[in-house]
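[1] Any chance you can model this:
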Amino acid sequence: TSGSRVQAVLAQGGLTSPVHTMPIAWPVGSFCAIQGLQSAAGCLLNGRIGEVMGADEKTDRLWVRLDPRDSQSKWKQIKPENLREAPTAAANANHECRFCLEGAGGEPLLSPCPCRGSMSCVHLRCLQNAYLSQGATIAYPRCPTCKRKCDARTAVMLLENLREKVEQEPAKDVYVFAQILTNLGNAYHELDLSHVQKAIELFERALDIQEHQYGSQYSELVPTLCNLGAAYREIGDCGKSIEVLQRTLALQEKEGGLHDHLQAPTLGNLGSAFGQLGHTHQAISFFQRALANLERDYGSQHYELTGSLNNLGKAYLRLGDAGKALEVLVRALAITTRECGSEHLDILPTLKTLGVANMQMGDAKKAIDIFERVLAIEKHEYGLEHANVAQTLELLDQLNATQAIVRMEGAHD
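    Have a look, this model is predicted:
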């Protein structure tokens, strides 16, 4: 029905299906080469080498990441019969490690960050040595060259090695160890939804250490609590999420600004948790507070505001107030377009919610124009075979059919 389709669009925030471990011949992390795609968009992918990230249980297709920098929303859905084996060495056959200047040999080369050309590949052990040499073991792993965060899979490997090393020390620094656990939890959290429970276990262990060492009112509990609350919400335990996040907010307000940069995420996650429980008015209150917090810190036109604006737009739609939704969504769209351009993936969440708002306002023609724009971006970024493309095509078919009925009724009148 169109109502369920609207809810699906409202709920969508990237991939429409969770990633699942593949029980067949393509284990997660294996490298593959794409072949035999026939569509116009698919032909452009033939010959590309990618990494298998999991499987979509609804379509029996594999999620393939073509670039280590790609977020989950950019992974491609490929049928298993359109893949052939491509060892890691083949993917990096003409590259060498930027640190030791040696090729893959017996150890795979990774591309953990946006660096390209001769700087694109590293051995894990070389990156580990560079990370440790910085002396910043309480920091999330970053590339020492471009300073960007390492991709989640590489960060997990680095931090698991570091955790094992520090855990074996007879007199380990508990502050450092708790921070390593928190960073490792964040890395697992970024991998995909199937690893959120692992992230929760790590956050809870870090929290136990911090509370035992410093007490339950220690200000440095705030980042761990904030991460833990967000993770609980993602697995659907909104009650636990609200409990943890309200504790986080109380600590932040007590400290009077020590972790002020985390207050907006805390408020936003509280809004989302209340929204998932159906308490839309409370959700809007928290989203408005988060927005005010961000406006105070960044001004009224900063890209950081777009998440809160989109959340508010969706919440207003749930209340049936499409007018207020349009007001905040148009603002979000203007900011995102200015920062990212008019065809960037980051613009899709706002465009989709704008389309739904226009549907609620009864402006089917405007909604069709918006979703045709969505479709063009999705085709370009995902390819014709992607589930998101199919969903948008189905919605456009429904909208066009509705518009045709309205025109026929108008002609009869």
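[2] Leaving out chain neighbours, which residue sits closest to Arg247?
    Distances taken as Cβ to Cβ, 6 or more residues apart in numbering put Leu225 closest to Arg247, at 6.1 Å, once the chain neighbours are dropped. To be clear about C-beta, it is placed using only N, CA and C from the backbone, and glycine gets the same treatment.
[3] what's the answer for Lys172, then?
    Val166 (5.3 Å).
[4] Now for the one you found: which residues touch it?
    For Val166, the contacting residues are Thr137, Lys172, Asp173, Val176, Phe177, Ile180, by Cβ atoms under 8 Å, 6 or more residues apart in numbering.
[5] Mind checking which of the residues you listed land in helices?
    Val176, Phe177, Ile180 (DSSP state H).
[6] pLDDT-wise, what's the bottom of the residues you listed?
    Within these, Val176 has the lowest pLDDT, namely 88.
[7] Low-confidence ranges, the stretch 201-350 of the chain, go.
    256-260 (pLDDT under 70).
[8] now the strands: where do they sit in it?
    Using DSSP state E, counting those that start in this stretch, no strands are found in the stretch 201-350 of the chain.
[9] Run through the helices of it in chain order.
    Remark: helices assigned in the stretch 201-350 of the chain by DSSP state H, counting those that start in this stretch are 221-234, 238-255, 263-276, 280-298, 306-318, 322-340, 348-360.
[10] export those helices to CSV and tack on mean neighbour count?
    Formatted as CSV, those follow (neighbours: other Cβ atoms under 10 Å):
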stretch, mean neighbour count
helix 221-234, 24
helix 238-255, 19
helix 263-276, 24
helix 280-298, 19
helix 306-318, 23
helix 322-340, 18
helix 348-360, 24
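[11] So which of the ones you listed is nearest Tyr131?
    For those, proximity to Tyr131 was assessed by Cβ to Cβ; helix 221-234 is nearest, at 19.8 Å.
[12] Could you dump the helices of the stretch 201-350 of the chain into TSV and include distance to Gln213?
    As requested, the helices of the stretch 201-350 of the chain are exported to TSV (distance: least, Cβ to Cβ, whole Å):
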stretch	distance to Gln213
helix 221-234	10
helix 238-255	16
helix 263-276	23
helix 280-298	30
helix 306-318	33
helix 322-340	41
helix 348-360	40
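[13] ok so, going back, buried stuff in the helix or strand hosting the residue nearest to Lys172?
    Per DSSP states H and E, Val166 falls inside helix 152-167. Counting neighbours by 16 or more other Cβ atoms under 10 Å, one finds that the buried residues in helix 152-167 are Ala152, Arg153, Thr154, Ala155, Val156, Met157, Leu158, Leu159, Leu162, Arg163, Val166.
[14] and of those residues, the nearest to Thr280?
    Of those, the one sitting nearest to Thr280 (Cβ to Cβ) turns out to be Ala152, at 32.1 Å.
[15] In this structure Glu343 contacts Ile377, no?
    Yes. Applying Cβ atoms under 8 Å as the test, Glu343 and Ile377 come out as touching, 5.7 Å apart.
[16] Give me the more crowded residue out of the two.
    The neighbour count for Glu343 versus Ile377, taken as other Cβ atoms under 10 Å, is higher for Ile377 (18 against 12).
[17] Who are the packing partners of the helix or strand hosting that one?
    For Ile377, the element it lies in under DSSP H and E is helix 364-382. Counting contacts by 3 or more Cβ pairs under 8 Å, 6 or more residues apart in numbering; DSSP states H and E, helix 364-382 is packed against helix 348-360, helix 387-412.
[18] Tell me which of those approaches Asp192 most closely.
    Of all these, helix 387-412 comes closest under Cβ to Cβ, at 15.3 Å.
[19] Now that closest one: average pLDDT?
    The model assigns helix 387-412 a mean pLDDT of 77.
[20] how much space between Leu375 and Gln179?
    44 Å (Cβ to Cβ, to the nearest Å).
[21] Show residues contacting stretch 282-299.
    For stretch 282-299, using Cβ under 8 Å, 6+ apart, the contacting residues are 260-261, 263-265, 267-268, 270-272, 274-275, 302, 304-305, 308-309, 311-312, 315-316, 319.
[22] repeat that with 7 Å
    263-264, 267-268, 270-271, 274-275, 304-305, 308-309, 311-312, 315 (Cβ atoms under 7 Å, 6 or more residues apart in numbering).
[23] And the furthest pair within the residues you listed?
    Phe274 and Glu304 (21.5 Å).
[24] more neighbours, Leu375 and Gln179?
    Gln179 (21 against 17).
[25] can you confirm Glu102 is in a helix?
    No. Per DSSP: H, G, I helix; E, B strand; the rest coil, Glu102 lies outside any helix segment and is coil.
[26] Next up, the contacts around it.
    Glu96.
[27] same thing with Leu110?
    With Cβ under 7 Å, 6+ apart, Leu110 has these contacts: Cys121, Val122, Leu124, Thr154.
[28] what does Val122 give?
    Cys97, Arg98, Phe99, Leu109, Leu110, Pro112.
[29] any idea which of those residues is closest to Glu253?
    Looking across the contacts of Val122 and measuring by Cβ to Cβ, the closest to Glu253 is Pro112, at 37.6 Å.
[30] can I assume Pro265 is in contact with Cys226?
    Yes. With contact defined as Cβ atoms under 7 Å, Pro265 counts as touching Cys226 (6.1 Å).
[31] My guess is the residue nearest to Arg247 contacts Thr248. True?
    Yes. With contact defined as Cβ under 7 Å, Leu225 reaches Thr248; the gap is 4.1 Å.
[32] longest single strand anywhere in this structure?
    strand 49-56 (DSSP state E).
[33] Now do whichever helix or strand comes after that one: which elements does it pack against?
    Downstream of strand 49-56, the first helix or strand assigned by DSSP H and E is strand 61-65. Contact here means 3 or more Cβ pairs under 7 Å, 6 or more residues apart in numbering; DSSP states H and E; on that basis strand 61-65 packs against strand 49-56, strand 76-78.
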